[in-house]
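J.: predicted structure and sequence below. I'll ask about it afterward.
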2 protein chains.
Amino acid sequence: MAKRVTILDVAADAGVSRQTVTRAMNGTGRISEATKQRVVDAAERLGYRPSRFARSLVTREKTHAMGFVVASFRNPYYTDLAASLLEVAADRGWQIMIASTERGMDQALEMLAPQVDVIVGHLAGTNAHLRRVCGGLPVVRLESEFPPEPGVHVVTVDLKTGVEEAVRALRERGAQTFGMVDSANYQRHFGDDAVSPRRQWFEQAVGDDLTGVIVGDESISGGGKAFAELIERHPGTDAVLMFNDLMALGAVQSAHHLGIDVPRHVSIVGVDGLALGEAVDPPLTSVAYDQHEFAHLVVDVAETIAEADFARIEPIQRRAVSRVLWRGSA
Amino acid sequence: MAKRVTILDVAADAGVSRQTVTRAMNGTGRISEATKQRVVDAAERLGYRPSRFARSLVTREKTHAMGFVVASFRNPYYTDLAASLLEVAADRGWQIMIASTERGMDQALEMLAPQVDVIVGHLAGTNAHLRRVCGGLPVVRLESEFPPEPGVHVVTVDLKTGVEEAVRALRERGAQTFGMVDSANYQRHFGDDAVSPRRQWFEQAVGDDLTGVIVGDESISGGGKAFAELIERHPGTDAVLMFNDLMALGAVQSAHHLGIDVPRHVSIVGVDGLALGEAVDPPLTSVAYDQHEFAHLVVDVAETIAEADFARIEPIQRRAVSRVLWRGSA
DNA sequence: CTGTTAGCGCATTCAA
DNA sequence: TTGAATGCGCTAACAG
């Protein structure tokens, strides 16, 4: 492995001091065109590339880096969110480094931690565990049910309001009986008796008009299967809340196969407001959060942490609003 | 802005030398449990966080970082590719930093360049321009028609073979007349007379059996519109190649609206093999490249560059194969 | 316009 | 087990 070409090598080769090399490479003002050219040529010939670490060390780089941890980029929920975060972060001078937890969350975090100033993501595990794995790095948990604490901040979405709004509006449109497809993940994590928050809000909102709740896999096909089962077991249901848009996509497909007219016979409402919802027929109505607002909240928190120079500060909690995005399926 | 807490502050607070702090923080062997605890406590109290730049500078970090430039994360083509790249890169010890060119390619590159060891992406512009903007950083162009040159390497997909295979197989299945929907982007870039490579390969493969080619926007709706126009102008067409899967999705939707049975009346073939193609009905047949293989080729190139210590080396070119992924639409 | 000096914050030698 | 020196590669500040 060849020794690294440093600024000194270039300086020697060009017969100048290292400071002159810096000036030539960075175009920082006062330098004669001739020597600049000589330095640039030498650098090119030697294949010189400034060390980003050394440079950042001395300039105390003004752009910060955020590590974004996602479960999987195969899931449009995460890619949609990543798209918004990428846009907002770029506008506000933040870099995004991404890692997926498909090979294990701890491994992803260990890889990311040395490279970034703050970790952001839908993280599992206790706050204490996260703090340990992240090596003292500030963490921003997304959609976490754990309360924030020093070093671990939280950004969530108030889906409750959106779910209530959806139920109210569906009633106004004539819906009288409600069903829901919940995610199996929740029970897998917290036990068979556990009831997901979304389901709680929904059951509270519909009261006695609930026909039934079926649990399904968090995927398109899982949603489709669970929806079919729900309709079979509770044929009178005329409005269904799907745990999220991915599952709702499967429900729309499933309804199509079963010959059920959506939304005339059954209204289908998803959660998240994914762009993908527009690609199906009918387009998906969804309890949507504003991804752009959400991304801004995340960067807000990161910015606040950065302004405190990444020292210990009061834990922060932010909450984005949600509202029903009426498209075609309800 | 508070001064940064350094290792010296912790050392002073704990009443030890800085090396002892290093040892305590990194768990590097010889240190008594008592002093270690004292140091860790002091670090915690002061909110000490090691500088990743200083550390990387001195340890010559073994994990490299790759800057991945995409046009937009709203486009499933890029998110699918990013997912594969993320998986492969993680397995092979590479970090991925992502930036989108929605706010301008040069801006994205300038942001990325100081943070990574190599730039990868679907880049526009001349090689010379890229080299300048990237500040001498090695570049890997994806799907580029520019030949590689020192410092600018290339990874492409051999779609020609896949397109030929598709036409041959469609003929065997009875297709006699062929149409195509091309992307308007190509002509926008290279002038109205320009013919995209995909179109060239397709026209060459179908010969006299071509009914027509319509140009459309590179989007779901653009594909749908162009497909409808193609069928209207050339009603006899019984097999259509869509420029890519995104446009093909629109074509399937459009056929549905027009009451055209796919694939009985018209076969539809996309290009890229996106996972999204499985979510529609009928699922999309596509000239697919193996994203996993493609990602491996990209990391191969990056690895080769890294092994040469990022010095000037012979330009590299790699090419992934493609084959037809028969699903339901053809 | 150019060179010299002095760090940035850390880990890796060495001694003690 | 701990401490003292040294250098990673670079740029900022001050010379000249």
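T.: Looks like it came in fine.
J.: can you map out the strands along the stretch 51-200 of chain A?
T.: Counting by DSSP state E, counting those that start in this stretch, the stretch 51-200 of chain A has strands at residues A:64-70, A:94-100, A:118-121, A:139-142, A:152-158, A:178-183.
J.: export these to JSON lines and tack on distance to chain B?
T.: Bear in mind the C-beta positions are built from the backbone N, C-alpha and C, glycine included. As requested, the strands of the stretch 51-200 of chain A are exported to JSON lines (distance: least, CB to the nearest CB, whole Å):
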{"stretch": "strand A:64-70", "distance to chain B": "7"}
{"stretch": "strand A:94-100", "distance to chain B": "5"}
{"stretch": "strand A:118-121", "distance to chain B": "10"}
{"stretch": "strand A:139-142", "distance to chain B": "12"}
{"stretch": "strand A:152-158", "distance to chain B": "14"}
{"stretch": "strand A:178-183", "distance to chain B": "17"}
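J.: any chance of the ones you listed in TSV with mean pLDDT, mean neighbour count and distance to residue A:229 as columns?
T.: Below are the strands of the stretch 51-200 of chain A laid out as TSV (pLDDT from 0 to 100; neighbours: other CB atoms under 10 Å in any protein chain shown; distance: least, CB to CB, whole Å):
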stretch	mean pLDDT	mean neighbour count	distance to residue A:229
strand A:64-70	92	23	30
strand A:94-100	90	24	31
strand A:118-121	95	26	33
strand A:139-142	96	24	31
strand A:152-158	97	21	28
strand A:178-183	97	26	9
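J.: near DNA strand C, which residues of chain A are found?
T.: Within chain A, the positions adjacent to DNA strand C are A:15-20, A:23, A:30-32, A:34-36, A:54, A:57-58, A:60 by CB under 7 Å from any atom of the strand.
J.: what subset of those is buried?
T.: A:16, A:20, A:23, A:31, A:35, A:36, A:54, A:57 (16 or more other CB atoms under 10 Å in any protein chain shown).
J.: near chain B, from these?
T.: Restricting these to those near chain B by CB under 8 Å from any CB of the partner chain leaves A:54, A:57.
J.: closest to DNA strand D out of the buried ones among the residues of chain A next to DNA strand C?
T.: residue A:54 (3.3 Å; CB to the nearest atom of the strand).
J.: closest one to residue A:80 among the strands of the stretch 51-200 of chain A?
T.: strand A:64-70 (10.9 Å; CB to CB).
J.: so what strands line up beside that closest one?
T.: Looking at strand A:64-70 with DSSP bridges, its partner strands are strand A:94-100 (parallel), strand A:118-121 (parallel).
J.: ok, back up a step: mind putting the strands of the stretch 51-200 of chain A into JSON lines with distance to residue A:210?
T.: Below are those laid out as JSON lines (distance: least, CB to CB, whole Å):
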{"stretch": "strand A:64-70", "distance to residue A:210": "33"}
{"stretch": "strand A:94-100", "distance to residue A:210": "37"}
{"stretch": "strand A:118-121", "distance to residue A:210": "34"}
{"stretch": "strand A:139-142", "distance to residue A:210": "29"}
{"stretch": "strand A:152-158", "distance to residue A:210": "22"}
{"stretch": "strand A:178-183", "distance to residue A:210": "6"}
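J.: and those strands: which comes nearest residue B:147?
T.: Nearest of these (CB to CB): strand A:94-100, 30.8 Å.
J.: give me the contact list for the closest one.
T.: With contacts defined as CB atoms under 8 Å, 6 or more residues apart in numbering or on different chains, strand A:94-100 is touched by A:63-73, A:82, A:85-86, A:89, A:108-109, A:111-112, A:115-116, A:299, A:302, B:65, B:82-83, B:86-87, B:90, B:95-99, B:111-112, B:115.
J.: and DNA strand D, which of the residues you listed reach it?
T.: Within the contacts of strand A:94-100, nothing lies near DNA strand D by CB under 7 Å from any atom of the strand.
J.: nearest residue to the residue of the stretch 101-250 of chain A found nearest DNA strand C other than its sequence neighbours?
T.: As assessed by CB to the nearest atom of the strand, DNA strand C sits closest to residue A:114 within the stretch 101-250 of chain A, at 9.3 Å. Spatially, and ignoring its direct neighbours in sequence, residue A:114 is nearest to residue B:52 (5.3 Å; CB to CB, 6 or more residues apart in numbering or on different chains).
J.: what sits against that neighbour?
T.: Residue B:52 touches A:114, A:115, A:116, counting by CB under 8 Å, 6+ apart.
J.: quick check: the first one vs DNA strand D, distance?
T.: Looking back up the chat, that one is residue A:114. According to CB to the nearest atom of the strand, to the nearest Å, residue A:114 stands 15 Å off from DNA strand D.
J.: so which helix or strand takes in residue A:292?
T.: Using DSSP states H and E, residue A:292 maps to helix A:291-307.
J.: got the angle between the helix or strand following that helix and strand A:152-158?
T.: Using DSSP H and E, the helix or strand that follows helix A:291-307 in sequence is strand A:317-325. For strand A:317-325 against strand A:152-158, the angle by axes from the mean of the first three to the mean of the last three CA atoms, to 10 degrees is 20 degrees.
J.: contacting residues around stretch A:107-122?
T.: Under CB under 8 Å, 6+ apart, the answer for stretch A:107-122 is A:64-71, A:85, A:97, A:99-101, A:130, A:133-135, A:137-144, A:298, A:302, A:305-306, A:310, B:52, B:55-56, B:61, B:63, B:65, B:90, B:95.
J.: identify each buried residue in it, please.
T.: Buried-residue list, stretch A:107-122, by 16+ other CB under 10 Å: A:108-109, A:111-122.
J.: residues contacting the residue lying closest to residue A:45 once chain neighbours are set aside?
T.: Using CB to CB, 6+ apart and skipping residues adjacent in sequence, the residue nearest residue A:45 is residue A:13, 7.4 Å away. Contacts for residue A:13 (CB under 8 Å, 6+ apart) come out as A:42, A:45, A:46.
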